[in-house]
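# got a predicted model here, sequence first, then my questions.
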Amino acid sequence: MGLVKSMKVSNGALMDDVKIGEILLPGDDETQDRREKKVRAKFWPTLKRAVKFVPFSRDLVAAYYCAIDPKTPTRVRGVLLAALAYFVMPVDLIPDMFVMVGFTDDVAVLAAALRMIQGHIADRHYDAADEMLADNPDIGKAPA
């Protein structure tokens with residue numbers, strides 16, 4: 001799986017592979033449906049706030065498109081939806097209201113998820129991400 005051994009976050013806390021592994025459990029169909037609704041509702045506004053702090057925004061947007069793509073394998077969708085739901089939820093290890101450090105744990109979880117599903121984000125997801133990023137300078141607005 002290649003999870004990070006530990007990720008030191010700015011407040012000195014450690015996110016270890018157990019914590020990240022628990023966050024990234026794919027969940028059953030009901031859990032995935034619930035996560036997908038949260039992600040669809042909150043992804044774009046959260047990304048707008050976090051884009052300066054996420055060094056891989058293009059990959060993150062492509063991961064969003066992969067997660068909502070019905071052609072994506074269920075387990076991959078589950079891992080991505082878990083990571084994206086963690087990203088959009090206002091309560092996590094470090095509250096996102098602490099803007100400079102608040103997305104540090106989110107970045108660790110997202111990076112681990114991207115490593116876990118490496119190769120499943122298809123060119124069509126990156127193409128959709130590139131188009132969205134080019135067409136929407138105000139990232140908080142979801143594409144039509």
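Arrived safely, thanks for sending. Numbers count the residues shown, from 1 in each chain.
# pull the longest helix from this structure.
Scanning the chain for the longest helix, with DSSP state H as the assignment, gives helix 29-50.
# can you pull the buried residues of the helix or strand following that one?
Next along the chain after helix 29-50, taking DSSP states H and E as the criterion, comes helix 57-68. For helix 57-68, the neighbour count (16 or more other CB atoms under 10 Å) marks 57, 59-68 as buried. All C-beta atoms are positioned from the backbone trio N, CA, C, and that covers glycine.
# which pair of these spans the longest distance?
Distances among the buried residues of helix 57-68 were taken as CB to CB; the most separated pair is 57 and 68, at 17.1 Å.
# so what pLDDT did residue 80 get?
At residue 80, the pLDDT value in this model is 97.
# run a quick neighbour tally on it.
Residues lying near residue 80 (other CB atoms under 10 Å) number 31.
# wasn't it part of a strand?
No - Residue 80 sits outside any strand when classified using DSSP: H, G, I helix; E, B strand; the rest coil, being helix.
# what sits against it?
By CB atoms under 8 Å, 6 or more residues apart in numbering, residue 80 lies in contact with 63-64, 66-67, 72, 113, 117.
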